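**Q** Provided below are the primary sequence and the corresponding predicted coordinates.
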Amino acid sequence: MPERYVRPNWFTRNLFNRAVAWLTQLGISVYGSRVLAVRGRRSGQWHTTPVNLLEYRGERFLVAPRGVTQWVRNVRAGSEAELRLGSRRERVKLVEIPDTDPLKIELLRVYLRKWAFEVGVFFEGVDANAADEDLKRIAPNHPVFRVLPA
């Protein structure tokens with residue numbers, strides 16, 4: 001079964017993501033936003049994308065609402081990663097939460113509660129109030145990573 005990826009549309013790619021990234025680069029976090037920088041697994045070049053940093057029970061997590069994006073592929077390949085806010089760059093290690101871990105279902109639910117207005121459309125009709133079975137069904141389509149110090 002191919003890995004799921006929802007490509008951003010023109011508005012998201014050219015306006016929304018750029019606006020959020022620009023504000024984040026200025027040091028203004030838009031509802032928890034950061035810029036994730038990941039070294040390309042083939043090119044070795046830094047690639048950046050705006051992300052929503054989820055803080056939950058004293059830990060930090062990243063969810064890939066669009067599925068197996070290039071940043072997910074680079075992280076899975078062991079590439080270096082940084083979270084950026086303004087001039088602050090924090091080297092991080094991203095550790096993927098397995099689909100079978102009950103924590104992943106909990107994190108998807110919390111993520112949807114906080115950011116459904118922005119990313120809910122990517123969750124295949126499943127929202128924060130969905131049954132655990134529905135969240136388990138879509139969990140493989142939405143990688144989740146624990147953010148640790150590098």
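**A** Cool, the structure landed. Numbers count the residues shown, from 1 in each chain.

**Q** which elements pack onto the longest strand seen in the chain?
**A** The strand that spans the most residues within the chain, counting by DSSP state E, is strand 46-56. The contact analysis (3 or more Cβ pairs under 8 Å, 6 or more residues apart in numbering; DSSP states H and E) places strand 46-56 against helix 17-25, strand 33-39, strand 59-63, helix 70-76, strand 81-85, helix 102-119. Bear in mind the C-beta positions are built from the backbone N, C-alpha and C, glycine included.

**Q** buried stuff in that strand?
**A** If you call a residue buried by 16 or more other Cβ atoms under 10 Å, then strand 46-56 has these buried ones: 48, 49, 50, 51, 52, 53, 54.

**Q** surely residue 148 meets residue 93?
**A** Yes - the pair residue 148 / residue 93 is scored as a contact, 4.5 Å apart, by Cβ atoms under 8 Å.

**Q** spit out the contact partners of residue 127.
**A** For residue 127, the contacting residues are 112, 116, 120, by Cβ atoms under 8 Å, 6 or more residues apart in numbering.

**Q** mind redoing it with 6 Å?
**A** For residue 127, the contacting residues are residue 112, by Cβ atoms under 6 Å, 6 or more residues apart in numbering.

**Q** so it: helix, strand or coil?
**A** coil (DSSP: H, G, I helix; E, B strand; the rest coil).

**Q** per-residue confidence for it?
**A** Among the per-residue scores, residue 127 shows a pLDDT of 96.

**Q** residues near residue 107, how many?
**A** 25 (other Cβ atoms under 10 Å).

**Q** I meant residue 64, not that one.
**A** 23.

**Q** quick check: bridge partners of the closest residue to residue 96 other than its chain neighbours?
**A** Closest residue to residue 96 apart from its sequence neighbours, by Cβ to Cβ, 6 or more residues apart in numbering: residue 145 at 5.4 Å. Per DSSP bridges, the residues bridged to residue 145 are residue 62, residue 96.
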